[in-house]
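Visitor: sequence-free structure coming up:
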């Protein structure tokens with residue numbers, strides 16, 4: 001029995017390690033893409049940086065790809081504990097296709113962020129057409145920036161934000177409450193977790209339109225706040241503190 005337990009523990013550890021390495025590799029590749037995109041923008045001539053791109057179907061697809069990769073880069077680190085826990089539970093319960101189930105869980109999670117990216121891309125299009133965003137993909141209207149900051153700050157205090165954050169902060173609670181068996185069940189759980197995560201982070205993502213959609217410092221700062229809100233003790237209070245700061249900055253810009 002002891003040997004069997006030892007072998008099982010090694011298998012669990014090895015499976016978790018492989019999953020973790022895979023998540024790190026995906027995240028790293030996405031961040032490399034963002035660095036490359038930012039470098040390309042920095043190398044643009046002043047004339048190109050001052051002129052808007054015409055939104056063709058091809059350009060829309062390119063922006064959708066950019067948003068999708070950016071969301072994977074920003075959200076995968078904070079989703080890693082949940083994905084790793086699913087992997088361990090599936091393995092411990094000897095579920096068939098534990099590795100594939102883990103991939104489907106992560107796929108369902110990222111599918112929701114892909115849908116979010118579609119909405120964000122359409123919104124970016126509308127904001128550029130309204131001249132609220134500059135060709136550098138950041139706000140060029142002080143009233144717009146202030147309004148977004150205040151709205152995002154208020155959302156941080158909302159019951160919806162806090163409810164979604166509680167589910168994102170408790171991987172074990174989520175697994176226990178929403179467990180679904182089978183591969184399709186894994187995909188369903190990933191979709192559900194992704195929906196809670198969008199509900200938790202949507203206001204923070206809106207700040208990209210204020211600070212710059214392709215500003216790496218803004219992207220990294222928001223991803224770091226998301227990570228802290230989900231992982232550190234007192235993350236709920238951090239969310240409220242960020243909300244208060246956003247409201248204060250927004251009021252300053254509006255007034």
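Guide: Arrived safely. Because the structure is a prediction, the values reported are computed rather than measured.
Visitor: Please name the residues that touch residue 123.
Guide: residue 209 (CB atoms under 8 Å, 6 or more residues apart in numbering). Bear in mind the C-beta positions are built from the backbone N, C-alpha and C, glycine included.
Visitor: Disregarding residues adjacent in the polypeptide, which is nearest to the residue most central in space within the chain?
Guide: Note on the chain: the residue nearest the mean C-alpha position is residue 75, at 3.2 Å, using CA atoms, centre = their mean. Leaving out its chain neighbours, the residue that sits closest to residue 75 by CB to CB, 6 or more residues apart in numbering is residue 113, at 5.9 Å.
Visitor: and that neighbour, how many neighbours does it have?
Guide: 24 (other CB atoms under 10 Å).
Visitor: got the contact list for it?
Guide: Applying CB under 8 Å, 6+ apart, the residues near residue 113 are 68, 71, 72, 75, 194, 197, 198.
Visitor: Low-confidence ranges, the stretch 51-200 of the chain, go.
Guide: For the stretch 51-200 of the chain, applying pLDDT under 70 flags the ranges 94.
Visitor: For it, which segments count as strands?
Guide: Ranges of strands in the stretch 51-200 of the chain, per DSSP state E, counting those that start in this stretch: none exist.
Visitor: Next one: the closest residue to residue 79 other than its chain neighbours from residue 90, what distance?
Guide: Distances taken as CB to CB, 6+ apart put residue 109 closest to residue 79, at 5.8 Å, once the chain neighbours are dropped. From residue 109 across to residue 90, the span is 15 Å (CB to CB, to the nearest Å).
Visitor: Of all pairs in the contacts of residue 113, which one spans the longest distance?
Guide: Greatest spatial distance in the contacts of residue 113: 68 and 197, 14.8 Å, computed using CB to CB.
Visitor: Which one of these two is surrounded by more residues?
Guide: Ranked by neighbour count (other CB under 10 Å), residue 68 and residue 197 place residue 197 first, with 25 against 20.
Visitor: ok, the nearest residue to the more buried one once chain neighbours are set aside - contacts?
Guide: Excluding its sequence neighbours, the residue lying closest to residue 197 (CB to CB, 6+ apart) is residue 168, at 5.6 Å. If you count contacts by CB under 8 Å, 6+ apart, residue 168 has them with 78, 82, 174, 193, 196, 197, 200, 230.
Visitor: Now do the same contact list for the fifth one.
Guide: With contact taken as CB under 8 Å, 6+ apart, residue 196 is in contact with 164, 167, 168, 174.
Visitor: and residue 183, how many neighbours does it have?
Guide: 17.
Visitor: so it makes contact with residue 102?
Guide: No. Using CB atoms under 8 Å, residue 183 is not in contact with residue 102; the gap is 10.2 Å.
Visitor: If I look at residue 237, what pLDDT would I see?
Guide: At residue 237, the pLDDT value in this model is 95.
Visitor: Now do the helix or strand hosting it: everything it contacts.
Guide: If you go by DSSP states H and E, residue 237 is part of helix 235-254. Around helix 235-254, the neighbours that count as contacts under CB under 8 Å, 6+ apart are 142-143, 145-157, 161-162, 165-166, 169, 204, 207, 225, 228-229, 232.
Visitor: So which of those belong to helices?
Guide: 142-143, 145-156, 161-162, 165-166, 169, 204, 225, 228-229 (DSSP state H).
Visitor: Just the buried ones among those residues, please.
Guide: By neighbour count, with 16 or more other CB atoms under 10 Å, the ones in helices among the contacts of helix 235-254 hold 145-150, 152-153, 155-156, 161, 165, 169, 204, 225, 229 as buried.
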